[in-house]
Structures are given as C-alpha cells and as structure tokens.
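Visitor: dropping a prediction and its sequence here:
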Amino acid sequence: MVSRQPVTSGSPFEQTIGFSRAVRVGDRVLVSGTAPVWPDGSCPDDAAVQAWRCFEIIAEALADAGASLTDVVRTRMFLVDPSAAHAVGAVHGELFAEVRPAATMVIVAGLLDPRWKVEIEAEAVIAS
C-alpha cells in the first residue's frame, strides 16, 4: 500500500475547504493551486513578483514533502491577463531552464482574489 502524506501550510482555508497545500503519494508530490499570498496579506501588482511568490510557496511545500523544484515534472499556470504571460513565463524559465517540466499556461476569467494575476500548480516525482 502506498503511503499518503499531506503537507499543510497553516492556511485556515485548508480545514474549511478541505484541502492540503500538497500531498505526497509514494514518489509523487502534487502541489495545490498556489496564489501569490504574502504573510501580511499584501499582494504587489507585478505579475513577475507574484509568480516568484507562488514558486517560493511551492518550493517550501515540496521541501516539506521531501522534494525540490528540480523534481518538478509538470506545472500549470493560470493567468487572468494574457499580457502577463511573458513575465510569468520568464520566471518559470529562470527556475526551470534545466528541469524543463511539462508546462501549461491558461488564461482564465478570474481567480479567487481580484489582486491575483497568477496561480500556479506543480507536480513532482522524487528521483529514487
């Protein structure tokens, strides 16, 4: 039987919505949609800064599950404005130039908080 390890971030929404920041199942780690949330609740307007923050949170969740950004095999980036694609893509490229995961970038009508320009998911497979 494959073990299941939830990773929590301490968000109050994890309990009320019923989700985990990430879940490790065997050698796979699936990171939930990650928004550009700062501890103080602020959210700068710059899409690249928001993408960096999403990836910081993702990297922390991966580490808590025993993985790292180099283990990432898939990313999904949800944008509310096509004009942010270049900035978000540049951040992704800087982080994953060598890793080169499968990646998807989708334009959506909106995200939970109207200040958010991007939300990112990631999946990793831990090399054995």
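Guide: Arrived safely, thanks for sending.

Visitor: and R100, which helix or strand is it part of?
Guide: For R100, there is no host helix or strand (DSSP states H and E).

Visitor: i'd like the first residue to be 71 from this point on
Guide: That works, and once the first residue is 71, the last one we named lands at R170.

Visitor: how many other residues sit next to it?
Guide: Here the number of neighbours of R170 (other Cβ atoms under 10 Å) works out to 10. Backbone N, C-alpha and C define where each C-beta goes, glycine included.

Visitor: so in this protein, where's the weakest helix or strand by average pLDDT?
Guide: Taking mean pLDDT, DSSP states H and E as the measure, the chain has helix 82-83 as its least confident helix or strand, at a mean of 76.

Visitor: E193: neighbouring residues, count only.
Guide: A count of nearby residues for E193, using other Cβ under 10 Å, gives 18.

Visitor: my read: R94 touches V101, true?
Guide: No - R94 lies out of contact with V101 (Cβ atoms under 8 Å); the separation is 10.0 Å.

Visitor: comparing these two, which residue is more hemmed in?
Guide: Between R94 and V101, V101 has the larger neighbour count (other Cβ under 10 Å), namely 27 against 24.

Visitor: what sits up against the helix or strand harbouring that one?
Guide: When elements are assigned from DSSP H and E, V101 belongs to strand 98-104. By Cβ atoms under 8 Å, 6 or more residues apart in numbering, the surrounding residues in contact with strand 98-104 are 77, 89-93, 124, 127-128, 131-132, 135-137, 141, 148, 189-196.

Visitor: list buried members of the residues you listed by neighbour count.
Guide: 77, 90-93, 124, 127-128, 131-132, 135, 137, 141, 148, 189-194 (16 or more other Cβ atoms under 10 Å).

Visitor: mind listing the strands for the chain?
Guide: Under the criterion DSSP state E, strands of the chain are mapped to 74-77, 92-95, 98-104, 142-149, 172-177, 188-195.
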